[in-house]
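> Quick one, fold the following:
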Amino acid sequence: MYYRLKEPWAFRGWKKTPYAIQAMYGKDRHKRPHFFEKEQFLELLNCNGEEEVDLEEFSPKAQQIIREFLAHDVLEQSEQPMPRMQPWQRYTVYAGRYLEMVHWSITGKCNFRCRHCLVSAPNAHHPQLPLEDCKHIISEIASCGVSLVDITGGEPLVRNDFEEIVRELSDHGIEIGTLFTNASLLTEDTLQMMLAYHQRPTVQISFDGLGHHDWLRGIDGAEAQADAALRLLQKYEFPTVVAMCIHKGNKDSIRATASYLAGLGVRALRLNAPQELGLWKQYAEQYALTEDEVWGAYRAYIKDYFADGMPIGVEMDGYFSCKKGETDYQVHYVRHADPDSNWDMVPMCESVRYSMYIGPEGRLAPCMGFSDTAIGPKFPSVLEEPLGKLTLEGFYHDVTNTRISDFLAKNPACAACEHLTRCCGGCMVQDITDDGDYLVPDKRICYFHKHIGEQAVREVADAAILAAGLPPKTTKSSTPA
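Numbering: from 1, shown residues only. All right, here's what the predicted structure looks like:
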């Protein structure tokens, strides 16, 4: 019998995880690959359509994998030799560790003066790299097998060579997953250009509440510009989400804002209280909400959300998230780690294992929050060393590889806390100190578990579902650690 790997699947590998099968396009493209042990993978390599295979000579595990892949249309079989696989399906090992996406600031410049900017773009602390450097970064991203990039800034559309960057990404087979923009420079020409390169990213626009947007963005007319952009995106059928930063001035406008956005076809509203990083440090004392005030605003809207019929997808920091029209919800501040976990094996942050941030100067970081911190300059630059190498060794690698055991070594009191398995230390960057210590307890998540708790969120949500006469469904927490 002959077996062959079907398109869009290909044999792939990365340093440290060298044996995998990955979908290169189609509905499974951005799902995690199937990883294997070496023995089974070497047997699977015979599924090339050219070599006759006696399945009984394979290991029982490989036999099971092949049968499952036949059932799920990943492999095909024939009694006769089949045409060769496509060249791109043959085994390729990429330069660095496995990554799923890159979040990239293509510029540090911005035409707005947002009061909470993580990278202090209005103060022009960060540069804008020339196009040739951007092309180099794209080449490095592709060399690591990454096919999904989120584009942000500053404001990415201030670059007059934005089309060249889109073209270069497309030429390397890289999809723009999300374009983050303040929307002031978004035009029909921009959208038509992206479609011409077969790019239809989700567009995330900031909108900080009806009647409040201009203040936080520091620009008169920002709200009108966002409204026009949202209508334009609906016309061209780009998936659209909105981020709203809540503070003392706009916390009571969530319901009206959500209703307005739903009427414009916005897919989801992402609510968050700005971190005391970047420029927001200057305004936090006067405008930032306490954690009780944050919970009060979210609690009120959870009730309104179900009463209004779940008109839009919603995410409220880590407190609550729900898809449009559904009553399933999640509480992401809860990790539910096994009490018997080996903390040497549990990462502080799961997401930085699969994604990275590249700043406007080409410097890597685990996420954007590290940019304007004391340790930001310690991270390496992809313009100076190969990206694959930087994912495997050095300061960036060490920070992304931080384990909960590292956190507990510096915070022994947390080891005895009854909430440890539910918070797992929280976010590394949330309360990073002025001298760059990121192994400090996350005060927001700590407060949540000690003074609010998952049960309080569930009681509010379940009562709101019942009051609205909606059918209850099984609710979820976040992915277990």
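> who touches the helix or strand where residue 11 lies?
Applying DSSP states H and E as the criterion places residue 11 in strand 9-14. Residues from elsewhere that reach strand 9-14 (C-beta atoms under 8 Å, 6 or more residues apart in numbering): 5, 19-24, 33, 44-45, 74, 88-94, 96-98, 144-145. Bear in mind the C-beta positions are built from the backbone N, C-alpha and C, glycine included.
> now do stretch 208-226
Residues contacting stretch 208-226 (C-beta under 8 Å, 6+ apart): 111-116, 122, 182-184, 205-207, 244-247, 249-250, 253-254, 256-257, 260.
> let's go with 6 Å and repeat that
Contacts with stretch 208-226, where a contact means C-beta atoms under 6 Å, 6 or more residues apart in numbering, come from 112-115, 183-184, 205, 207, 244-245, 249-250, 253, 256-257, 260.
> Could you tell me which of these belong to helices?
256-257, 260 (DSSP state H).
> filter the residues you listed to the buried ones?
Among those, those buried by neighbour count (16 or more other C-beta atoms under 10 Å) are 257, 260.
> Closest one of the ones in helices among the contacts of stretch 208-226 to residue 266?
Relative to residue 266, the closest of the ones in helices among the contacts of stretch 208-226 is residue 260; by C-beta to C-beta it sits at 8.9 Å.
> Give me the distance between the closest one and residue 253.
According to C-beta to C-beta, to the nearest Å, residue 260 and residue 253 sit 10 Å apart.
> Residue 17 is in contact with residue 36, correct?
No - when contacts are counted by C-beta atoms under 6 Å, residue 36 is not listed as touching residue 17 (9.6 Å).
> okay, these two: which has more neighbours?
Higher neighbour count among residue 36 and residue 17: residue 36, with 20 against 15, using other C-beta atoms under 10 Å.
> for the stretch 351-481 of the chain, what spans make up the helices?
Ranges of helices within the stretch 351-481 of the chain are 387-390, 395-400, 404-410, 412-415, 420-423, 443-447, 454-467, based on DSSP state H, counting those that start in this stretch.
> Please identify the buried residues of the top helix by length along the chain?
Counting by DSSP H, the longest helix found in the chain is helix 291-307. In terms of neighbour count (16+ other C-beta under 10 Å), helix 291-307 has its buried residues at 291, 294-295, 297-299, 301-303, 305-306.
> next one: stretch 230-245
Within stretch 230-245, the residues that qualify as buried are 230, 232-233, 238, 240-245, counting by 16+ other C-beta under 10 Å.
> Between the two ends of stretch 393-403, how far is it?
The first and final residues of stretch 393-403 sit 16 Å from each other (C-alpha to C-alpha, to the nearest Å).
> From residue 289, how far off is residue 33?
Distance of residue 33 to residue 289, given as C-beta to C-beta: 41 Å.
> I meant to write residue 235 there.
35 Å.
> how far does stretch 83-90 stretch from start to finish?
Distance between the two ends of stretch 83-90: 13 Å, counting by C-alpha to C-alpha.
> if I read this right, residue 261 contacts residue 242, doesn't it?
Yes - applying C-beta under 6 Å as the test, residue 261 and residue 242 come out as touching, 5.5 Å apart.
> any residues in contact with both of these two?
In contact with both residue 261 and residue 242: residue 269, using C-beta under 6 Å, 6+ apart.
> could you point out which element follows the strand holding residue 11?
strand 17-23.
> The helix or strand just after that following strand pairs with which strands, parallel or anti?
Sequence-wise, the next helix or strand downstream of strand 17-23 (DSSP H and E) is strand 34-35. Looking at strand 34-35 with DSSP bridges, its partner strands are strand 17-23 (antiparallel).
> and for the strand it pairs with, what are the contacting residues?
8-10, 12-13, 29, 33-36, 38, 41, 93, 98.
> can I get those residues in JSON lines with distance to residue 164 and pLDDT?
Formatted as JSON lines, these follow (distance: C-beta to C-beta, whole Å; pLDDT from 0 to 100):
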{"residue": "8", "distance to residue 164": "28", "pLDDT": "96"}
{"residue": "9", "distance to residue 164": "32", "pLDDT": "97"}
{"residue": "10", "distance to residue 164": "28", "pLDDT": "98"}
{"residue": "12", "distance to residue 164": "29", "pLDDT": "97"}
{"residue": "13", "distance to residue 164": "32", "pLDDT": "97"}
{"residue": "29", "distance to residue 164": "24", "pLDDT": "93"}
{"residue": "33", "distance to residue 164": "31", "pLDDT": "96"}
{"residue": "34", "distance to residue 164": "36", "pLDDT": "96"}
{"residue": "35", "distance to residue 164": "36", "pLDDT": "97"}
{"residue": "36", "distance to residue 164": "39", "pLDDT": "97"}
{"residue": "38", "distance to residue 164": "42", "pLDDT": "96"}
{"residue": "41", "distance to residue 164": "39", "pLDDT": "97"}
{"residue": "93", "distance to residue 164": "30", "pLDDT": "97"}
{"residue": "98", "distance to residue 164": "29", "pLDDT": "96"}
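> Give me the buried subset of these.
Among the contacts of strand 17-23, those classed as buried by 16+ other C-beta under 10 Å are 8-10, 12-13, 33-36, 41, 98.
> TSV for those, including distance to residue 423?
As requested, these are exported to TSV (distance: C-beta to C-beta, whole Å):
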residue	distance to residue 423
8	39
9	39
10	39
12	35
13	35
33	30
34	32
35	29
36	34
41	37
98	27
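> how about low-confidence regions in the stretch 51-200 of the chain?
Applying pLDDT under 70 to the stretch 51-200 of the chain flags residues 117-125.
> ok but residue 270 is inside a strand, no?
Yes - Residue 270 forms part of a strand when assessed by DSSP: H, G, I helix; E, B strand; the rest coil.
> On the strand side of things, show who it bridges to.
residue 243, residue 315.
> Next, count neighbours for it.
Neighbours of residue 270 under the rule other C-beta under 10 Å: 17.
> hang on, it packs against residue 315?
Yes - with contacts counted by C-beta under 6 Å, residue 270 reaches residue 315, the gap being 4.6 Å.
> still on that earlier bit, starting at the chain centroid, how far to the longest helix of the chain?
Relative to the chain's own centre, helix 291-307 is displaced by 24 Å; criterion: C-alpha atoms, centre = their mean, to the nearest Å.
> next one: stretch 135-148
17 Å.
> Give me the contact list for that stretch.
Applying C-beta under 6 Å, 6+ apart, the external contacts of stretch 135-148 come out as 30, 94-96, 99, 101-102, 168-169, 172-175, 177, 382, 387-388.
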